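S.K.: With the input below, show me the fold.
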Amino acid sequence: MPSGPATILGGLPVIADVWFTRGDGWSTDDDAGVDTLYWMKRDGSKGKPLPEHMYDRLEKSDPYWECGVTEAVFDHLAHEQWERQQIGALAAIIALIRMAHERQ
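M.R.: Numbering: from 1, shown residues only. From the prediction side, this is the model:
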């Protein structure tokens, strides 16, 4: 299950485990949501799961809180994927430059 950073209740840092299902576009729709929220440790890793009363506060403050959290996690994952692609492209360019210098 993918997970990534997000904030809740005005800025509390959490790590969210999210899920996604792809519908067929006809009888079922795409859907996404949050499975579990964890406190984010200072080093950015998962901490303990959030207690149930925090979910209650989230529901009271914003009944659509899962939308923002899911979006933040998927944005983070997309950015990580983009960074990996850029690093791969740079590595290929560096390899080509090295090959050109070796031939000289």
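
S.K.: buried ones in the helix or strand harbouring residue 92?
M.R.: Residue 92 belongs to helix 65-103 when elements are defined using DSSP states H and E. Neighbour-count burial for helix 65-103 flags 65, 66, 69, 70, 72, 73, 74, 76 (criterion: 16 or more other Cβ atoms under 10 Å). Every residue, glycine included, has its C-beta placed from N, CA and C.

S.K.: which other helices and strands contact it?
M.R.: Packed against helix 65-103 by the contact rule (3 or more Cβ pairs under 8 Å, 6 or more residues apart in numbering; DSSP states H and E) you find strand 3-8, strand 12-21, strand 31-40.

S.K.: quick one: that helix to chain centroid distance?
M.R.: 15 Å (Cα atoms, centre = their mean, to the nearest Å).

S.K.: Residues in contact with stretch 74-81: which ones?
M.R.: With contact meaning Cβ atoms under 8 Å, 6 or more residues apart in numbering, stretch 74-81 is reached by 2, 4, 5, 6, 18, 20, 32.

S.K.: same thing but at 10 Å, please
M.R.: 2, 3, 4, 5, 6, 16, 18, 20, 32 (Cβ atoms under 10 Å, 6 or more residues apart in numbering).

S.K.: Can you tell me the closest non-neighbouring residue to the fifth one?
M.R.: Residue nearest to residue 6 in three dimensions, not counting chain neighbours: residue 72, with 3.9 Å by Cβ to Cβ, 6 or more residues apart in numbering.
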